[in-house]
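Undergrad: Mind looking at a prediction? Sequence and model below.
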Amino acid sequence: MNLSIPLSAPDITQAEIDAVTAVLRTPHLCFGPELAAFESALARYHSVDYAVAVSSGSAGLHLALIALGVGESDEVIIPSFAFVALANTVRQVRAQPVFAEIDPVTLNLDPSSVERAITPRTRAIIVVHTFGVPAQIDALTSISLRHSLVLIEDACEAIGAEFDGGRVGGFGDIAVLGFYPNKQITTGEGGAVLCRDPGQADRLRRLRNQGRGGANWLDHIEQGFNYRLSDLACALGRVQLERIDSILSLRAQAAARYNVLLSGIPELELPPVELPRRKLSWFVYVVRLPEGVNRELVQSAMARDGVASGRYFAPLHRQPALRSDVTRRLIDLCFTEQIAPRMLALPFFNRISEGEQEKVAASLKSAIQAAGMPQGHANNIHQ
C-alpha cells in the first residue's frame, strides 16, 4: 500500500551530501580522519572523555557489556517495554535478562521495581531513556552504587535529552548511542559507546576491530568483532551532529503541534511535552489509544488514508524467542502488559509539515471512531 505520509524520514541536507562525497575523493573510507572527528564531537557533546563509534547501537550494547565484564551466570535488569536488541545483547554475552516494570508517565524503568529485581547474581542495570524521555537516573544511579552494580545507559533514542541539566549518556558507567535512519541524527547504520576510562576506550576500539592490538594489523589480542563504522557514515553523522540543536527544535515543535491537534479526541492519552527536571529529545511521537479500541483496526483505517503508523513496543517477556528467560525469573509486569497493546506511533520526523500533521490527526480521529471509541474526554498523561 502506498503511504503518502511515512512513519519516519531522514533529514539529509546538501552539507551532509558534500561531506560524504568528499570522503569518496580520499583513500580513507574507513579508519580515516572523519572517524576521529565524529568520535571527538560526540565526546565533547556529552562531556565524556571518549566516544567509540561502532556499526550499530546493538553492537554498542554488546561491547559495553563485554567491556564491563558482564557474562555467563550474571543477571542484567532491563525493561520489558523496549526494543528487542536490549535482551538479545544480554543473551549474546550469556547473561540472563531480568525484566522490570516501567513508570506510567515516563515509560522508563521504575526504580522500585528494579530494587525488587536485584539478587546476588545481579551484575548490571541497563536503563533505557525510552522515546527520548530521560529516566529517573539519580535514583537508578543510587541503586547501582548501593548494590555495587554497573549502570549502562541505553541512550539510543535520546541524544540531546537532559536530566537536571546534564545530557543523558554522561551519567552511567558506560553509555550507548544509536544512529539508525529514524533517530534524531543518523549515520545510515551506526552507533557509539561513551565512556570515561582510557582502558575501556582502548578495549572497545580493539573489540570493534576483530580484537586487533599493537602495531601489527594481524596481531589479535582477544576475540573481537567486525563492528567498524566507515568514514562515509562518520562524515554524515558529524554534520548531522553540528545541527542537532535545530533538529531537536523542529521535533519539539512537531510534538507540540500534535498535542494541540489531538487534544480533542476522547480518551486518547498524549505523551508529555514537558516533565520536571527533564529536557526531552523527541525520538517518536507515541499515543495511547482509548481502552478497548482495536489497534489493528485503527492502523488499517489510517493506512487506507495513506498514513503510516507503528506499534511501540511489544513486551520482550512475551516474545517467543525470550520465553526461556521469562520462565526462569519474572516479576510483576502488569502495567507493561496493559499499556503495550494501546501504544501507537504516529508519523514523526524533522520536516513533517503542519498540513501532514493535520491529515494524521484527522485520520486517527476517524479511525478511532470507526474502531469503536469509548465515551469520555481526552487526557494528557502528564496533568
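TA: Received, thanks. Residues are numbered from 1 along each chain as shown.

Undergrad: all helices of the stretch 51-200 of the chain, in order?
TA: For the stretch 51-200 of the chain, applying DSSP state H, counting those that start in this stretch gives helices covering 57-67, 85-92, 111-117, 137-146, 198-208.

Undergrad: Need the contact partners of the fourth one.
TA: Residues outside helix 137-146 that contact it (C-beta atoms under 8 Å, 6 or more residues apart in numbering): 109, 111, 114-115, 118, 125, 127, 149-151, 153, 163-164, 168, 171-173. All C-beta spots, glycine's among them, are computed from the backbone N, C-alpha and C.

Undergrad: Name the residues of that helix that come out as buried.
TA: Under the neighbour-count criterion of 16 or more other C-beta atoms under 10 Å, helix 137-146 has 137, 140, 141, 143, 144 buried.

Undergrad: What of the last one?
TA: Burial within helix 198-208, assessed by neighbour count using 16+ other C-beta under 10 Å, is assigned to 200, 201, 203, 204, 205, 206, 207, 208.

Undergrad: now the first one
TA: Burial within helix 57-67, assessed by neighbour count using 16+ other C-beta under 10 Å, is assigned to 57, 58, 59, 60, 61, 62, 63, 64, 65, 66, 67.

Undergrad: Could I get the contacting residues of the fourth one?
TA: By C-beta under 8 Å, 6+ apart, residue 60 lies in contact with 54, 156, 176, 177, 178, 191, 192, 193.

Undergrad: For residue 251, which of the helices of the stretch 51-200 of the chain is the nearest?
TA: For the helices of the stretch 51-200 of the chain, proximity to residue 251 was assessed by C-beta to C-beta; helix 57-67 is nearest, at 18.6 Å.

Undergrad: avg pLDDT for that closest one?
TA: Mean pLDDT, helix 57-67: 98.

Undergrad: thinking again about what came up before, need the buried residues of helix 137-146 in a markdown table with pLDDT and distance to residue 248, can you?
TA: Formatted as a markdown table, these follow (pLDDT from 0 to 100; distance: C-beta to C-beta, whole Å):
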| residue | pLDDT | distance to residue 248 |
| --- | --- | --- |
| 137 | 98 | 19 |
| 140 | 98 | 24 |
| 141 | 98 | 24 |
| 143 | 98 | 29 |
| 144 | 98 | 28 |
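
Undergrad: longest strand in the chain, by residue count?
TA: Across the chain, the longest stretch assigned as strand under DSSP state E is strand 122-128.

Undergrad: Tabulate the CA atom coordinates of that one in PDB.
TA: Extracted C-alpha coordinates of strand 122-128, given in PDB (Å, rounded to 0.1, in the frame of the first residue of the first chain):
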ATOM      1  CA  THR A 122      22.600  -9.300  39.500                       C
ATOM      2  CA  ARG A 123      25.600  -7.600  37.800                       C
ATOM      3  CA  ALA A 124      24.200  -4.700  35.800                       C
ATOM      4  CA  ILE A 125      21.200  -2.400  35.100                       C
ATOM      5  CA  ILE A 126      20.500  -1.200  31.600                       C
ATOM      6  CA  VAL A 127      18.400   2.000  31.800                       C
ATOM      7  CA  VAL A 128      16.700   2.900  28.500                       C
END
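
Undergrad: Centre of the chain to it, how far?
TA: Relative to the mean C-alpha coordinate of its chain, strand 122-128 is positioned 15 Å out (C-alpha atoms, centre = their mean, to the nearest Å).

Undergrad: cool, stretch 225-235 as well?
TA: In terms of C-alpha atoms, centre = their mean, the centre of stretch 225-235 is found 20 Å from the chain centre.

Undergrad: Check stretch 31-41 too.
TA: With C-alpha atoms, centre = their mean as the basis, stretch 31-41 stands 23 Å off its chain's centre.

Undergrad: Contact partners for residue 19?
TA: Residue 19 makes contact with 34, 235, 236, 238, 239 under the criterion C-beta under 8 Å, 6+ apart.

Undergrad: go on, residue 313?
TA: So residue 313 contacts 81, 82, 83, 340, 343 (C-beta under 8 Å, 6+ apart).

Undergrad: can you pick the most crowded of these?
TA: Within the contacts of residue 313, most neighbours by other C-beta atoms under 10 Å means residue 81, with 27 neighbours.

Undergrad: in terms of contact, does that residue touch residue 107 like I think?
TA: Yes. Taking contacts as C-beta atoms under 8 Å, residue 81 lies within contact range of residue 107: 6.1 Å.

Undergrad: Among the contacts of residue 313, which one lies nearest to residue 90?
TA: So of the contacts of residue 313, ranked by how close each gets to residue 90 (C-beta to C-beta), first place is residue 82, at 11.1 Å.

Undergrad: I'd like the contacts of residue 60 laid out as TSV, including distance to residue 256 and pLDDT.
TA: Shown next, in TSV, are the contacts of residue 60 (distance: C-beta to C-beta, whole Å; pLDDT from 0 to 100):
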residue	distance to residue 256	pLDDT
54	34	98
156	24	98
176	29	98
177	25	98
178	25	98
191	29	98
192	29	98
193	33	98
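
Undergrad: tell me, how many neighbours does the closest residue to residue 208 other than its chain neighbours end up with?
TA: Nearest-residue entry for residue 208: residue 227, 3.9 Å, with adjacent residues in sequence omitted and distances by C-beta to C-beta, 6 or more residues apart in numbering. Neighbourhood size, residue 227 [other C-beta under 10 Å]: 23.

Undergrad: Nearest approach to residue 102 belongs to which of the helices of the stretch 51-200 of the chain?
TA: Here helix 111-117 is closest among the helices of the stretch 51-200 of the chain (C-beta to C-beta), at 7.8 Å.

Undergrad: Can you spell out which helices and strands pack onto that closest one?
TA: Helices and strands touching helix 111-117, by 3 or more C-beta pairs under 8 Å, 6 or more residues apart in numbering; DSSP states H and E, are strand 96-100, helix 137-146.

Undergrad: The longest one: how far from the chain's middle?
TA: It refers to helix 137-146. So, by C-alpha atoms, centre = their mean, the centroid of helix 137-146 is 20 Å from its chain's centroid.

Undergrad: Taking strand 122-128 as reference, get the angle to that helix.
TA: With axes from the mean of the first three to the mean of the last three C-alpha atoms, to 10 degrees defining the directions, helix 137-146 sits at 170 degrees from strand 122-128.
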